[in-house]
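Asks: Sharing a sequence plus its predicted fold:
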Amino acid sequence: MASSEQQPRDECPLDLQPGEAALATLSNRDSPIAHLPPEALENLLVVTVASPERVERAVREAGGDPNDVGIVPVSASPVQYEGPCWIAERVSPSDLTGISIQFSRGERYLAEGTGWVVVEGLGTMLMYVEEAKLYRLLSHFVTRARGRRLRHVTGLVDEVVSSETLARFRELHDRSVSLK
């Protein structure tokens, strides 16, 4: 890509350094995927309550190749997907151990220093589990990402959580970015 085509850092709030974690506050039904720099779409793992089709669509709309994206679907209902994204076994939102296991399986495909992790749908997950337990899971994900020099983005619709919950989750991250 020619230097004139590159987006300046200040125009891409999620242009993270290896090992950096950001909390992205979103509008309802938005995804951080649309706000990632192009290179993020080349080696990405998404832990999400959204359907795999929705993730695939977001990746395509952002100019990425879905073949370079893995998805850990978090859903209370069965998930069927035949698209190009790699997909882990569906995990119930109440099964934090299962989510962690599927994250670890997907994380193996991320290249150290260049891979990206997006975790979204925390508001939905909070309907199934205690905040403290979800906090520990998210802390584990952020710590793993930092340890492998992966870039981590947590997407959160701030209107669906209390200000105390938002502040607590924000503490896990290096920075907070509004994508509204």
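Replies: Received the coordinates, thanks.

Asks: Show the residue spans covered by the helices in the chain.
Replies: With helices called from DSSP state H, the chain shows them at 52-61, 96-107, 122-125, 131-147, 163-171.

Asks: Could you check the pLDDT of residue 1?
Replies: Note for residue 1: predicted pLDDT of 30.

Asks: With residue 131 instead?
Replies: Looking at residue 131, the pLDDT reads 95.

Asks: doesn't residue 168 make contact with it?
Replies: Yes - Residue 131 is in contact with residue 168 according to CB atoms under 8 Å; the separation is 7.5 Å. (Each C-beta comes from the backbone N, C-alpha and C, glycine too.)

Asks: can you tell me which residues contact the residue nearest the centre of the chain?
Replies: Centroid-nearest residue in the chain, with CA atoms, centre = their mean: residue 118, separated by 1.3 Å. Contacts of residue 118 were listed using CB atoms under 8 Å, 6 or more residues apart in numbering, and they are 31-33, 36, 44-48, 152-155.

Asks: out of these, who's nearest residue 108?
Replies: residue 45 (9.5 Å; CB to CB).

Asks: how near is the closest one to residue 119?
Replies: 9 Å (CB to CB, to the nearest Å).

Asks: helices or strands up against the one helix or strand in the chain whose mean pLDDT sits lowest?
Replies: Ranked by mean pLDDT, DSSP states H and E, the helix or strand of the chain with the weakest confidence is helix 122-125, at a mean of 93. Packed against helix 122-125 by the contact rule (3 or more CB pairs under 8 Å, 6 or more residues apart in numbering; DSSP states H and E) you find helix 131-147, strand 151-157.

Asks: what's the most buried one of those?
Replies: strand 151-157 (a mean of 25; mean count of other CB atoms under 10 Å).

Asks: which outside residues touch that one?
Replies: So strand 151-157 is contacted by 14, 16-28, 30-32, 36, 40, 115-123, 138, 141-142, 145-146, 166, 169, 172-173, 179 (CB under 8 Å, 6+ apart).

Asks: Point out where the chain drops to low pLDDT.
Replies: Regions of the chain meeting the criterion pLDDT under 70 cover residues 1-11.
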